[in-house]
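**Q** Quick one: sequence plus predicted model below, questions after.
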Amino acid sequence: MTIPLLAALVCLLPLSAGGLILLSGERLGHAAAWLALAAVTGALAVAGWVAALSWGAPPISTEWTWFHVGQTIFSAGLYLDDVSRTLLVLVPLVALPVLVFAARYLHGETRYATFFGLMSVFIAAMLGLILARDLLALTLCWELVGFTSYLLIGFWFTKPEAAQAARHAFLLNRLGDLGLFTALGALLAAAGTLDLAFVIAHRAQLLATHPALMTLVGAGLVLAAVAKSAQFPLTPWLPRAMEGPTPVSALLHAATLVAAGAYLLTRTHGLLPPVVLTALAAIGVITVLWGAVAALGQTDLKRVLAYSTASQLGYVFLAIGTGNPTAAVLHLVAHAFFKASLFLNAGIVTHAVGHAAVPSASTSFDPQDMRLLGGLRRVLPGTFAAYCLAGAALVGLPLTTGFLTKEAILSGAVTWAARTGGAAWAVPIAGLVGVALTALYVARHGRLIFLGTARGPFDLTHVRESATRETPWSLLLPVGGLAVLAVWGWLSASPIHLATTHTLVHGLQVALSTPLAEGALWLPITSVLLVTAGLTLGLRGTGPADGWAWARTGEIALGQFWTETGPRAAVAVARAVARFDEMGIDRQVIRFGKGIVIGAKLTGWLDRWVVDRGLVHGVGRLLTMLGRTVRMAQGTGVQTYYRWAVALGLAAVGWLAWG
């Protein structure tokens, strides 16, 4: 079997499993989990085989004609380079422990089989997006990712909050899709094709000959990615998506939905003009600070992680905008592991504490409220250890993958700022501030959950018993396994900087044609000092337990804009447009139509009374009369002929005499 067919099989395995589960309804029961797990395990094995066989090789591409529109040919196919090979392994590698966790976590759920069917299709859609050779096929997978995420976020649709969160996520992502469709149209007008391989090969010519269209392409792609990856100002849908089941949150925030936008920009970064790249760097650094500050004001342990995801993806956008897509992909991969572990960790905490609540408080007690937790380190030691490892990678402590990838991003930002000068220095400086804020909110998060004493209506002894009974190894192993991948060893031969000769790093540099920047020694030292300061302040309990009010101000304002002000403004604009259409365009159309009707009636009157009855009928009647006269003259005898001859002769003589 050829490598392209093997790559296609990676996508087809979970797609087939998901289709079979969904078509079977709930009849498969718990066998649906085993089928989904088998499909994703097979996909992971095949993806690893593909990567092992072709790593470091030139891009492998297949193409076949899809359909024609006039003279334009739309093709489809697969495109496999080291970037897509990396993510082809990453998606099932993260999805597998998440599904293992979900099989136990959702045990007893009424729509158990449906959940695993949707998760399988969701994974397949993301794999198809990674493999797509052209932007049209990528868009189809993009939309399938969005639709299945809508169903998964609203999986508990009987809860009004879950249904509303799903709608909110769906609508804000549709706003981003307008940008993607605009980019497709502009690229088709500029290049005559949506084939990424062709467009990237001719990007210099396209940027030179069609600068305006390519700027529109870049702006549309950025808008699409900003919506999908929940960057500022389209961030609010991501925290609200926490209403879905914890495994959904883990997968969405790790290697699928929010990673799709970053992958799109990584794949098309060569098409982005300098002005678009600068805007992308600004959006990224704003989101880094915005997400970190918003996390400081949260009381829900999953919403803290949600804002953290937006902030960390801001570093990815910052890296792409400063011309460092290699570091962006590496941070995307590292973030997938430790953030998935943290979300599953949150699921274990809420699961154990929720089952240990005092019966009288079980209806009002929220196990996700960090103000009511505390003291869980002693009763959930394995969960706490995994949290510490994954949290260390999130804040960027040395010997973790997060430290290596953040330093690569900040080094690239410093190099870009030195080359650009002026206000560009605000980007790496803000990135360093984000490092300190990240350490602060992670320390606060961990302290409120695991340290101190229990503050809520639950007994720690009951938590231990609940954890022993309700948290078997099928929950703890996925969390621990993902946390172990936060250690630096698999990413670099050196624990303090990314080795450019490492197989993964070297392959990405070649595929993206962008080497990593060499950072100065002061940068990691400064970063470690900022992390230490943030952790110290957070662990000491600086600030109120319910978070800083100022940290929630911007979040509330932006959330209200998209849920209240934005829709009202959209309705007002729609009404104004409708009024203009009714009073302006429609009125002119009606007037024009009335003019056409009047003209038609006048033309009909002229045709009927002047042309038909006047000319046509008049000539006919004249000829008829002449015919009758001649016929009468012909049938009256010799005397009549004689009278006509005399009359005509006299007339001729008179005319000649007169002349």
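**A** All right, it came through fine.
**Q** Let me know the secondary structure of the closest residue to residue 331 other than its chain neighbours.
**A** Closest residue to residue 331 apart from its sequence neighbours, by Cβ to Cβ, 6 or more residues apart in numbering: residue 405 at 3.8 Å. Placement of C-beta: from N, CA and C, glycine included. Put simply, residue 405 is helix when judged by DSSP: H, G, I helix; E, B strand; the rest coil.
**Q** Hmm, residue 405 is touching residue 338, no?
**A** No - using Cβ atoms under 8 Å, residue 405 makes no contact with residue 338, being 10.6 Å away.
**Q** Which neighbours do the two have in common?
**A** Residues touching both residue 405 and residue 338 (Cβ atoms under 8 Å, 6 or more residues apart in numbering): there are none.
**Q** And these two? Which one has more around it.
**A** Neighbour comparison, residue 405 and residue 338: the larger count goes to residue 405, with 29 against 26 (by other Cβ atoms under 10 Å).
**Q** residues touching the more buried one, list them.
**A** 327, 330, 331, 334, 335, 491, 498.
**Q** Can you tell me which of these is closest to residue 571?
**A** Residue 571 lies nearest to residue 335 out of the contacts of residue 405, by Cβ to Cβ, at 37.7 Å.
**Q** Tell me, how many residues neighbour the closest one?
**A** 29.
**Q** Next up, the contacts around it.
**A** 254, 309, 312, 313, 316, 402, 405.
**Q** Point me to the helix or strand that includes the fifth one.
**A** Of the helices and strands defined by DSSP states H and E, residue 316 is found in helix 301-321.
**Q** Identify the residue spatially nearest to the residue most central in space within the chain, adjacent ones excluded.
**A** Centroid check for the chain by Cα atoms, centre = their mean gives residue 228 as the closest residue, at 2.5 Å. Of all residues not flanking residue 228 in the chain, residue 261 sits nearest, at 3.5 Å (Cβ to Cβ, 6+ apart).
**Q** secondary structure element for that neighbour?
**A** helix 257-267.
**Q** re the thing from before, can I get the contacts of residue 405 in JSON lines including distance to residue 594 and secondary structure?
**A** Shown next, in JSON lines, are those (distance: Cβ to Cβ, whole Å; DSSP: H, G, I helix; E, B strand; the rest coil):
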{"residue": "327", "distance to residue 594": "66", "secondary structure": "helix"}
{"residue": "330", "distance to residue 594": "67", "secondary structure": "helix"}
{"residue": "331", "distance to residue 594": "65", "secondary structure": "helix"}
{"residue": "334", "distance to residue 594": "68", "secondary structure": "helix"}
{"residue": "335", "distance to residue 594": "64", "secondary structure": "helix"}
{"residue": "491", "distance to residue 594": "74", "secondary structure": "coil"}
{"residue": "498", "distance to residue 594": "73", "secondary structure": "coil"}
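**Q** among those residues, which two are most distant?
**A** The farthest-apart pair in those, when distances are taken by Cβ to Cβ, is 335 and 498, at 14.9 Å.
**Q** Output the contacts of residue 335 in TSV; the columns should cover distance to residue 624 and pLDDT.
**A** Output for the contacts of residue 335, formatted as TSV (distance: Cβ to Cβ, whole Å; pLDDT from 0 to 100):
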residue	distance to residue 624	pLDDT
254	95	74
309	94	93
312	97	94
313	92	94
316	92	95
402	104	94
405	101	94
